[in-house]
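the following block contains a protein sequence and its predicted model.
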Amino acid sequence: MIVIFLGPPGAGKGTQCKFIVDTYGLKHLSSGDILRRERSEGTDLGKEAQGYMDSGKLVPDDLIVAMMMKEIAACGDLSGFVFDGFPRTIGQAKELDKAMAQAGKKIDVVLNLQVDDSLLEERVCGRRSCLKCGAAYHVKYMAPKVAEQCDNGCGKLSQRADDTAETVKNRIAAYHAQTAPLVEYYNEQGNVKSVNGNVAIDLVTTSLKSVLDEVKARIK
Ligand code: AMP
């Protein structure tokens with residue numbers, strides 16, 4: 001099953017991807033995670049992406065497409081993926097379509113996680129994660145037992161550099177201007193399923209599960 005996960009920053013894509021990966025055995029390809037890895041390794045790509053990411057702008061398509069194609073090629077078998085944060089522009093979507101066609105594969109579903117703008121800033125700015133074990137938290141909605149400390153005993157939690165009130169405004173604007181048009185693009189291919197992401201995490205998970213179970217049964 002090949003899944004694309006669309007949604008604004010703070011919609012809960014990362015949290016729900018964990019459930020999708022564990023339940024359906026898909027490989028998680030997050031362009032944001034790959035870029036953060038490139039940055040922490042100090043690669044040329046990481047250095048080039050840094051300014052865009054810190055100001056909440058999109059990294060140029062040519063860099064992202066080359067990075068993702070390399071990542072896809074390294075996976076070998078294209079049968080089970082969830083793309084998180086990619087594609088984010090029509091140009092990226094067209095390149096992904098080409099790669100899929102060349103591999104004789106198709107996107108089975110585009111999940112469109114819809115969340116009102118008014119909720120996004122609080123969701124983004126409250127995010128925390130543990131750099132040691134990867135556990136994810138939110139100061140209000142998934143709070144650790146002790147404030148700012150990982151429940152698994154790893155120590156202090158970390159906040160992403162771009163999870164600030166100022167940057168999130170640019171990221172939301174970039175989403176509306178450059179990524180939201182993808183819903184229409186994929187609608188024309190007939191594979192978009194919209195899910196209400198304004199509700200509690202477990203309710204979103206239930207909705208996503210019913211969509212993905214249906215897709216899984218269809219493509220069997
Ligand atoms: P994310 O972790 O998905 O919120 O991405 C963090 C930042 O990485 C974004 O604000 C962009 O600067 C950059 N980024 C991630 N994915 C893409 C993409 N597909 N196209 C352009 N920039 C991206």
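Everything's here; your move. Numbers count the residues shown, from 1 in each chain.

state the distance from the residue positioned nearest the centre of the chain to the ligand.
Closest residue to the average C-alpha location of the chain: residue 84 at 3.0 Å, with Cα atoms, centre = their mean. Distance, residue 84 to the ligand, by Cβ to the nearest ligand atom, to the nearest Å: 7 Å. For every residue, glycine as well, the C-beta is placed using N, CA and C.

OK, contacts around the nearest residue to that residue once chain neighbours are set aside?
Spatial nearest neighbour of residue 84, chain neighbours left out: residue 30 (4.1 Å); criterion: Cβ to Cβ, 6 or more residues apart in numbering. Taking Cβ atoms under 8 Å, 6 or more residues apart in numbering, we find residue 30 in contact with 14, 17, 84, 85, 86.

tally of neighbours for residue 170?
15 (other Cβ atoms under 10 Å).

assumed residue 32 was part of a strand.
No - using DSSP: H, G, I helix; E, B strand; the rest coil, the secondary structure at residue 32 is helix, not a strand.

so it touches residue 85, yeah?
Yes - taking Cβ atoms under 8 Å as the definition, residue 32 is a contact partner of residue 85 at 4.7 Å.

these two: which is more packed in?
residue 85 (23 against 18).

so, low pLDDT: which residues of the chain?
Nowhere does the chain drop to pLDDT under 70.

tell me which parts of it are close to the ligand?
9, 31-32, 35, 52-53, 56-59, 64, 85-86, 88, 92, 162, 171 (Cβ under 6 Å from any ligand atom).

now the buried members of those.
9, 31-32, 35, 52-53, 56, 58-59, 64, 85-86, 88, 92, 162, 171 (16 or more other Cβ atoms under 10 Å).

farthest-apart pair in these, please.
92 and 162 (19.2 Å; Cβ to Cβ).

how near is whatever residue of the chain ends up closest to the ligand to residue 215?
Minimum separation of the chain from the ligand (Cβ to the nearest ligand atom) falls at residue 32, amounting to 2.0 Å. Separation of residue 32 from residue 215 (Cβ to Cβ, to the nearest Å) stands at 24 Å.

now swap in residue 24 and tell me
Counting by Cβ to Cβ, the gap from residue 24 to residue 215 is 9 Å.

between the two, which contacts overlap?
Joint contacts of residue 24 and residue 215 (Cβ under 8 Å, 6+ apart) are residue 1.

which residues touch the nearest residue to residue 204 once chain neighbours are set aside?
Setting aside the residues directly before and after it, residue 204 is nearest to residue 197 in space (Cβ to Cβ, 6+ apart), at 5.4 Å. Contact partners of residue 197, counting by Cβ under 8 Å, 6+ apart, are 7, 11, 12, 113, 114, 115, 204.
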